[in-house]
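Undergrad: mind folding the following:
(chains A and B)
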Amino acid sequence: MTDRITEQQAAKVAHLARLDITPDELERWTPQLEGVLEHFADIDALDLSGVEPMTQPYPLVNVLRDDVVRPGLDRAEVLAAAPAAEDGRFRVPPILGGDM
Amino acid sequence: MSPTSVSSVAAAVRSGATTATALLDEHLARIAGRESEIHAFNLVTTETARAQAAAVDAAVARGDDPGPLAGVTVALKDNMCTRGIPTTCSSRILDGWTPPYDATVVERLRAAGAVMVGKTNLDEFAMGSSTENSAFGVTRNPHDTARVAGGSSGGSAASVAAGFSQVALGSDTGGSIRQPAALCGVVGVKPTYGYVSRFGLVAYASSLDQIGPFATSVEDAARVLDVIGGHDPNDSTSIPQQYPSLVESLGRDVAGLRIGRITDLPGGAEPDVLERLEAAFDALRAAGATIVDVEVPALTYGLSAYYVIAPAEASSNLARFDGVRYGLRVDASDTNSMYGATRAAGFGDEVKRRIMLGTYALSAGYYDAYYGKALKVRRLIHDDFERAYQRADVLLTPTSPCVAFPVGAKGDNPLAMYLVDVYTIGTNLAGHPGMSVPYGTGADGLPVGVQVLAGTLQEPTMFRVGAALERSMS
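TA: This is a model prediction of the structure:
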């Protein structure tokens, strides 16, 4: 199950995670990622059929509250902590163009 | 001589025998004396602390009750939001960001009269076991500054061990409170998942993260947890019920309690650590407890499951750091390029490795093989622990397989570092509470911690055993 992870796969993962990565980092991290995944091979030996996955520790259901207006964060304060803002909104570079 | 326990400090401040300001000055003086060699803090909040101390003293002067933690100095791990005070997670990516709100624990500490002295260093976004993976430098162990303080809450552990603050808060995702507590010779508690609100804690792995206290005694830890614990409507995973006072559980002895020894505990602990564990079993037996053998067979798979689940959750949680709403942005011609460049410049190596690991484990074609299996192993670990707790009231293990190791010893070898968490990780996966109690010294005279584990919401029993261990050392 633990196929060898290639530098090409690692590069694809970095792209999916929106992390620019240098050739040097790719070379160093690919075997490190593989090392951690190899450790996972011990789990492959287990028979897990019929085991219910556990996503969280405490059996909670959705928590709902009454739909009433409450004060939120101060907009000016939030925008002041952002890298760029304009007209009460976060400002970002163009979303079209470039590598999608 | 100033009072030293939380209860004696609060009593002295409330009665006017001393002032919060005078106590703060003592701690600031100790910080001035040794912080340059320890580096416990990312920021010492001197002015805020003086204002909080003055407010406590003013309340006493007015005849108002300043609260159960009146004048108690506290250090906060720098992944807990503090309004108007930088919160960095020891990452460059939050450069220049100040939170617009306080974490619930911060509000509760302030309301109880505590005085916040600073924000403590951590492994970036709490990913690490040594506080070496910080953008702002290594935190060193107050017992030997050539060694690590442990991590990821190393700054908080070091702050309490060095007397920079009387108590501290950390967060524990796989051992990040208990392991540094053990390495620094202080008490560290990871409560049941949901016991303390995570509102305002910057998320690493949401289904594992839990806030808890560091202190120099089990009683002090109980007093802090009694203040910060309890339901919070702002955290949907916070348990909606009242808890009994932990301080009140401390007086009961351990006669008749069943202390579990895990016979199939994963190997790797150093002989000096195991020797202290045996001494702890002996002390509890002498105090009237019964030692029972239990098995937790799935525990051996804990590391493998954790290092898929935690990075998977982290890769999702840390997607929010994209150069749009907080801190750092590296400008580029379009948003996608801006995201990639910002995250490359802002995150350190370990964070990038875990984001990549998590993204891989969640990606099409690998989800079932890794993440899906890890969640099933998590169930096995939880169920094995639950079975063990039918036979034993608490379990005793080492906290860390070794004493504090030299700075740089684990180098650029992620797996070697991950193995340090072998005894703490299972508790987070199960959602159970655990605490580390200092229990003498091992190699080179360095502190050794013994870990007390208990079932869901069994904190009163866990604290009772922790207090008994502490008494046996005095």
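Undergrad: how confident is the prediction for residue 80, by pLDDT?
TA: As the question left the chain open, I've gone with chain A. Looking at residue A:80, its pLDDT reads 91.
Undergrad: try again with chain B
TA: 98.
Undergrad: tell me the pLDDT of the closest residue to it other than its chain neighbours.
TA: Once flanking residues are discounted, residue B:80 sits nearest to residue B:103: 4.5 Å by CB to CB, 6 or more residues apart in numbering or on different chains. Quick note: C-beta positions are derived from backbone N, CA and C, even for glycine. Model confidence at residue B:103, expressed as pLDDT, equals 98.
Undergrad: then residue A:56?
TA: For residue A:56, pLDDT reads 87.
Undergrad: contact residues of the stretch 351-474 of chain B facing chain A?
TA: Residues of the stretch 351-474 of chain B that fall close to chain A, judged by CB under 8 Å from any CB of the partner chain: B:352-353, B:355-357, B:359-360, B:363, B:369-370, B:372-380, B:382, B:412, B:414-415, B:418, B:429-432, B:456.
Undergrad: now stretch B:80-88: buried residues?
TA: B:80, B:81, B:82, B:85, B:86, B:87, B:88 (16 or more other CB atoms under 10 Å in any protein chain shown).
Undergrad: now swap in stretch B:276-288 and tell me
TA: Going by 16+ other CB under 10 Å, stretch B:276-288 has these buried residues: B:276, B:277, B:279, B:280, B:283, B:284, B:287.
Undergrad: out of these, which is nearest to chain A?
TA: Sorting these by distance to chain A puts residue B:277 at the head of the list, at 24.7 Å, by CB to the nearest CB.
Undergrad: helix/strand/coil for the closest one?
TA: Secondary structure of residue B:277, reduced to three states by DSSP: H, G, I helix; E, B strand; the rest coil: helix.
Undergrad: show the contacting residues for it.
TA: B:269, B:396, B:397, B:398, B:439, B:450 (CB atoms under 8 Å, 6 or more residues apart in numbering or on different chains).
Undergrad: looking only at residue counts, what's the top helix in chain A?
TA: Assignment by DSSP state H gives helix A:23-39 as the longest helix of chain A.
Undergrad: list the buried residues for that helix?
TA: A:25, A:29, A:30, A:32, A:33, A:34, A:36, A:37, A:39.
Undergrad: can you narrow those residues to ones near chain B?
TA: Checking the buried residues of helix A:23-39 against chain B (CB under 8 Å from any CB), the matches are A:25, A:29, A:32, A:33, A:36, A:37, A:39.
Undergrad: so how many other residues sit close to residue 6?
TA: You didn't say which chain, so I picked chain A. 11 (other CB atoms under 10 Å in any protein chain shown).
Undergrad: actually chain B
TA: A count of nearby residues for residue B:6, using other CB under 10 Å, gives 29.
Undergrad: distance of it from residue B:248?
TA: Distance of residue B:6 to residue B:248, computed by CB to CB, to the nearest Å: 15 Å.
Undergrad: thinking again about what came up before, what about the contacts of residue B:277, which are in strands?
TA: Among these, the ones falling in strands (DSSP state E) are B:396, B:397, B:398, B:439, B:450.
Undergrad: which residues touch the residue of chain A found nearest chain B?
TA: As assessed by CB to the nearest CB, chain B sits closest to residue A:57 within chain A, at 2.2 Å. Residues near residue A:57 by CB under 8 Å, 6+ apart: B:193, B:194, B:207, B:382, B:429, B:430, B:431, B:432, B:456.
Undergrad: do that again at 6 Å, thanks
TA: B:193, B:431 (CB atoms under 6 Å, 6 or more residues apart in numbering or on different chains).
Undergrad: drop anything exposed from the residues of the stretch 351-474 of chain B next to chain A.
TA: Using 16+ other CB under 10 Å, the buried ones in those are B:352-353, B:355-357, B:359-360, B:363, B:369-370, B:373-380, B:382, B:414, B:418, B:429-432, B:456.
Undergrad: inside helices: which ones of these?
TA: B:352-353, B:355-357, B:359-360, B:373-380, B:382, B:414, B:418, B:429-430.
Undergrad: what helix or strand is residue B:11 on?
TA: helix B:6-15 (DSSP states H and E).
Undergrad: can you give the contact residues for the helix or strand of chain B with the lowest mean pLDDT?
TA: Here the helix or strand of chain B ranked lowest by mean pLDDT, DSSP states H and E is helix B:414-418, holding a mean of 83. If you take CB under 6 Å, 6+ apart as the criterion, helix B:414-418 is touched by A:32, A:35, B:129, B:307, B:410.
Undergrad: now swap in stretch B:49-64 and tell me
TA: Contacts for stretch B:49-64 (CB under 6 Å, 6+ apart): B:16, B:19, B:20, B:21, B:24, B:66, B:70, B:71, B:113, B:115, B:117.
Undergrad: for that stretch, list every residue counted as buried.
TA: B:49, B:50, B:52, B:53, B:56, B:57, B:59, B:60.
Undergrad: and these as TSV, adding secondary structure, pLDDT and distance to residue B:185?
TA: Shown next, in TSV, are the buried residues of stretch B:49-64 (DSSP: H, G, I helix; E, B strand; the rest coil; pLDDT from 0 to 100; distance: CB to CB, whole Å):
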residue	secondary structure	pLDDT	distance to residue B:185
B:49	helix	98	25
B:50	helix	98	29
B:52	helix	98	28
B:53	helix	98	27
B:56	helix	98	29
B:57	helix	98	32
B:59	helix	98	34
B:60	helix	98	33
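Undergrad: turn these into JSON lines, columns for distance to residue B:300.
TA: Formatted as JSON lines, the buried residues of stretch B:49-64 follow (distance: CB to CB, whole Å):
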{"residue": "B:49", "distance to residue B:300": "45"}
{"residue": "B:50", "distance to residue B:300": "51"}
{"residue": "B:52", "distance to residue B:300": "46"}
{"residue": "B:53", "distance to residue B:300": "49"}
{"residue": "B:56", "distance to residue B:300": "49"}
{"residue": "B:57", "distance to residue B:300": "54"}
{"residue": "B:59", "distance to residue B:300": "53"}
{"residue": "B:60", "distance to residue B:300": "54"}
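Undergrad: quick revisit: may I ask which two of the buried residues of helix A:23-39 are separated the most?
TA: A:25 and A:39 (21.1 Å; CB to CB).
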